[in-house]
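Engineer: A structural model of the following input is requested.
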Amino acid sequence: MKEMNRREFLTLSGAAVVALSLAGCGGPSAPPAPPAAPTGKEAELLAAINKVWKEKFNASKVDHEQLTLNQEARGAIKIQGGIFENAKESVHKLTPEDMVELGKIAAWEHTMKQKYELGGAAGVSEPTGEEENMEISLTYEYSCEDAVVQKFVDKILEYSLSRKAEFISIYCPVVQSNTYMIATVFWNKTA
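Structural biologist: Here you go, the predicted structure:
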């Protein structure tokens, strides 16, 4: 290997500094890395959902043939799932601490709405009962069986605009050795 003299070293170093500063100032940069491929239960569930989604597409009930896993919306569904995981129960009476956690979803939703339109979700019930006795529950135990996934997708599509969905976020909380599934769909604002 050829040894560099001081002048060559300074020239190359200067070029590197200029390139880095341009990248930091909005100059040309490498495209973002593609999202990591889903693994395990998320991958299995995504495949099962997309099988049903394709049937919905063929029946002209959704706009996109497949959903792409995009975990940007996972924050909110993980907050919900975390409440059940921390309580170690799949049916849970909401506490003041839970309400604080659920309040964090509003901040997440505000950030998401700058880029995406939000659609339907499935996996957590609407709160029931009086304010001081409100209860929520996990509604879908993890399953990739067609009948279960069909009901799960139908629940997501109860929100009529969900038909435009192109992305899905998935979270699979584990409570008392049982795995459940929570998902939400969304799409780009420009779509």
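Engineer: For the rest of this, base every contact and every neighbour count on C-alpha atoms.
Structural biologist: Noted.
Engineer: Tell me the gap between stretch 134-143 and the middle of its chain.
Structural biologist: Centroid displacement of stretch 134-143 relative to its chain, using C-alpha atoms, centre = their mean, to the nearest Å, is 18 Å.
Engineer: I meant to write stretch 150-158 there.
Structural biologist: 17 Å.
Engineer: Same question for it: list its buried residues.
Structural biologist: 150, 152-154, 156-157 (16 or more other C-alpha atoms under 10 Å).
Engineer: before we move on, what about stretch 137-153?
Structural biologist: So for stretch 137-153, counting by 16+ other C-alpha under 10 Å, buried means 137-144, 148-150, 152-153.
Engineer: residues in contact with that stretch?
Structural biologist: Stretch 137-153 has contacts (C-alpha atoms under 8 Å, 6 or more residues apart in numbering) with 44-45, 48-49, 52-53, 84, 90-92, 122-125, 172, 178-182.
Engineer: for stretch 175-191, same thing?
Structural biologist: So stretch 175-191 is contacted by 73, 77, 81, 84-85, 88-90, 115-124, 138-142, 156, 162, 164-174 (C-alpha under 8 Å, 6+ apart).
Engineer: cool, and stretch 52-63?
Structural biologist: Contacts with stretch 52-63, where a contact means C-alpha under 8 Å, 6+ apart, come from 64-67, 146, 149-150, 153, 162-165.
Engineer: then that stretch to CSV, C-alphas only?
Structural biologist: C-alpha atoms of stretch 52-63 as CSV (Å, rounded to 0.1, in the frame of the first residue of the first chain):
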residue,chain,number,x,y,z
VAL,A,52,-57.8,-12.0,4.0
TRP,A,53,-56.9,-8.5,2.8
LYS,A,54,-56.3,-9.8,-0.7
GLU,A,55,-59.7,-11.4,-0.7
LYS,A,56,-61.2,-8.1,0.3
PHE,A,57,-59.2,-6.4,-2.5
ASN,A,58,-60.5,-8.9,-5.1
ALA,A,59,-64.0,-8.1,-3.9
SER,A,60,-63.3,-4.4,-4.3
LYS,A,61,-63.7,-3.8,-0.5
VAL,A,62,-60.2,-2.3,0.0
ASP,A,63,-58.0,-0.1,-2.2
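Engineer: Start the count at 6 instead of 1 going forward.
Structural biologist: Shifting the count to begin at 6 puts that one at stretch 57-68.
Engineer: how far out from the middle of the chain is it?
Structural biologist: Put simply, stretch 57-68 sits 21 Å off its chain's centre (C-alpha atoms, centre = their mean).
Engineer: and the residue nearest the centre of the chain, which of the three is it?
Structural biologist: Closest to where the C-alpha atoms of the chain average out (C-alpha atoms, centre = their mean) is residue 174, at 2.5 Å. Reducing the assignment at residue 174 to three states with DSSP: H, G, I helix; E, B strand; the rest coil gives strand.
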